Every structure is written in C-alpha cells, then in structure tokens.
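In: Just a sequence and a predicted model for now, questions to come.
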Amino acid sequence: MPKMTVAELEAFYVTHFPQLGSNHFKIEEVADGGVRVRLRYRDLHLRPGGTISGPALMALADSAMYSLLLAMIGPVALAVTTNLNINFLRKPAPVDVIAKAEMLKLGQRLAVGSVTMFSDGDDEPVAHATVTYSIPPRKGKEG
C-alpha cells in the first residue's frame, strides 16, 4: 500500500523543489508498486529534428522513480539517484511523454525500479530506463 498519495507527493515537491513548479511533470497515478508521471510537452524539450530530447526523457525517468520511491517509503528528501541506465527505443513525438514506473526491488538502503516511457497516445515505448536510488539510513538506525 502506498505511503503517499498524489496530493501528498505534489505538496512534497512544492516544498522541497519549488524551482520545478507544476509546468514540467504531473503525477497522474500512485498505485501499489507503481506510478504514472507525465512530462508536459514544451518546446524547450525538443532537440533538432523535432523530437523530445534524451535529457528530457532522463529527467522524466528519474522523476518517476523518485516519485515511486517516495510513494512507497514516505517523504525522504535525501534519497538520491545512484544509477540511471536508459535505452532510447523510438523517436518520441513532440507531445507529452508518459512514464510508467514500477519497483523491482526495495531494500533498506537501495531501491531499483523500471521506467517505461511512451509518447502520449501511442502504445509503443519510446524509452526504457532502470534507475537505482540510495536511501539514507533512518534516524536511530546504524548504517
């Protein structure tokens, strides 16, 4: 069962990452073991050739995994990415991109997830990432 709802995650981001605003990412769903996050299309996400850039997709994958981790363990601001491996599968259309993240392994210190990304309205994935997060030790527990 998730420990944070969509509304709680959004409030967390407003407090801890106010520079993001609500113009980039939209958490659409939190479910047991998964989240869906939307990268809102902006011209700044485009690269030459009219496709969504790799850095925008990497940011989406990272944000989706962070949202999933927080949803599962609660508000831990200092959890950090330790690895992100991405495969670009198809040219993403210049539209919103939807990320579906699922947890592969959640331990005490590391979390590993899978993020599949789709152009809005298309069932074929445009990219897939595996992301690892380091979870800081909880207060009162030794490392």
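Out: Structure's in. What do you need?
In: List the strands paired with the lowest-mean-pLDDT helix or strand in the chain, with their directions.
Out: Ranking every helix and strand in the chain by mean pLDDT, DSSP states H and E puts strand 46-47 at the bottom, with a mean of 88. The strands beside strand 46-47 in its sheet (DSSP bridges) come out as strand 51-52 (antiparallel).
In: Now the helix or strand just after the partner strand: buried residues?
Out: Remark: after strand 51-52, the chain's next helix or strand is helix 54-73, criterion DSSP states H and E. Within helix 54-73, the residues scored as buried using 16 or more other CB atoms under 10 Å are 56-73. C-betas here are computed from N, CA, C, even on glycine.
In: Over to stretch 119-134?
Out: In stretch 119-134, counting by 16+ other CB under 10 Å, buried: 119, 125, 126, 127, 128, 129, 130, 131, 132, 133.
In: for this protein, what spans make up the strands?
Out: 25-31, 34-39, 46-47, 51-52, 80-88, 97-106, 110-119, 125-134 (DSSP state E).
In: In CSV: these, plus distance to residue 5.
Out: As requested, the strands of the chain are exported to CSV (distance: least, CB to CB, whole Å):
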stretch, distance to residue 5
strand 25-31, 6
strand 34-39, 11
strand 46-47, 33
strand 51-52, 28
strand 80-88, 23
strand 97-106, 16
strand 110-119, 19
strand 125-134, 20
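In: Closest to the centroid, which residue in the chain?
Out: In the chain, the residue lying closest to the centroid (CA atoms, centre = their mean) is residue 64, at 1.2 Å.
In: need the contact list for that residue.
Out: By CB atoms under 8 Å, 6 or more residues apart in numbering, residue 64 lies in contact with 35, 36, 37, 99, 100, 101, 115.
In: any idea which of those residues has the most stuff around it?
Out: In terms of neighbours by other CB atoms under 10 Å, those top out with residue 35 at 30 neighbours.
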